[in-house]
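Q: next input, structure requested:
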Amino acid sequence: MPFVTVKIARGHSIEKKRHLVEAITNAMVAALDTKPEWITIHIDEFERENWAVNGILHCDRHRGRHDETGR
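A: Numbers count the residues shown, from 1 in each chain. From the prediction side, this is the model:
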């Protein structure tokens, strides 16, 4: 029974999350030759203020851009 944890920034729409878990499920079925009902996926969301690249918080680097796009 595969268990997948996905870490993404908070703010993605429910539609994007549905698409994500469907794509991951399909990939796991193909790669592991397993049944989709055996795959569990956990989405772990984090705040953009808790993520930094090159010493700059993500929320500062992309201020305002993510409110509408979820990216």
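Q: which secondary element of this protein has the worst mean pLDDT?
A: Every helix and strand of the chain was ranked by mean pLDDT, DSSP states H and E. The lowest is helix 66-69, at a mean of 52.
Q: quick one: the helix of greatest length in the chain to chain centroid distance?
A: Looking across the chain with DSSP state H, the single longest helix is helix 14-32. Its chain's C-alpha centre and that of helix 14-32 lie 11 Å apart, by C-alpha atoms, centre = their mean, to the nearest Å.
Q: check which residues of that helix are buried.
A: For helix 14-32, the neighbour count (16 or more other C-beta atoms under 10 Å) marks 17, 21, 24-25, 28 as buried. For the C-beta atoms, the positions are set from N, CA and C on the backbone; glycine is no exception.
Q: residues in contact with that helix?
A: Identification of contacts with helix 14-32 by C-beta atoms under 8 Å, 6 or more residues apart in numbering yields 2, 4, 6, 8, 12, 34-36, 39, 41, 43, 70.
Q: can you redo these as CSV with secondary structure and neighbour count?
A: Below are the contacts of helix 14-32 laid out as CSV (DSSP: H, G, I helix; E, B strand; the rest coil; neighbours: other C-beta atoms under 10 Å):
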residue, secondary structure, neighbour count
2, coil, 14
4, strand, 14
6, strand, 13
8, strand, 15
12, coil, 17
34, coil, 14
35, coil, 10
36, helix, 10
39, coil, 19
41, strand, 16
43, strand, 14
70, coil, 14
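Q: could you check how far residue 54 is from residue 47?
A: 19 Å (C-beta to C-beta, to the nearest Å).
Q: who has more neighbours out of these two?
A: Neighbour tally, residue 54 and residue 47, criterion other C-beta atoms under 10 Å: the higher count belongs to residue 47, 12 against 5.
Q: please name the residues that touch that one.
A: For residue 47, the contact set (C-beta under 8 Å, 6+ apart) comprises 9-10, 59.
Q: among the residues you listed, which are in strands?
A: The strands, defined by DSSP state E, take in residue 9 from the contacts of residue 47.
Q: need the worst-confidence member of the contacts of residue 47.
A: Among these, residue 59 has the lowest pLDDT, at 87.
Q: what about it, neighbour count?
A: 17.
Q: who touches it in this structure?
A: Residue 59 sits next to 47-49 when contact means C-beta under 8 Å, 6+ apart.
Q: I appreciate the help and will end here.
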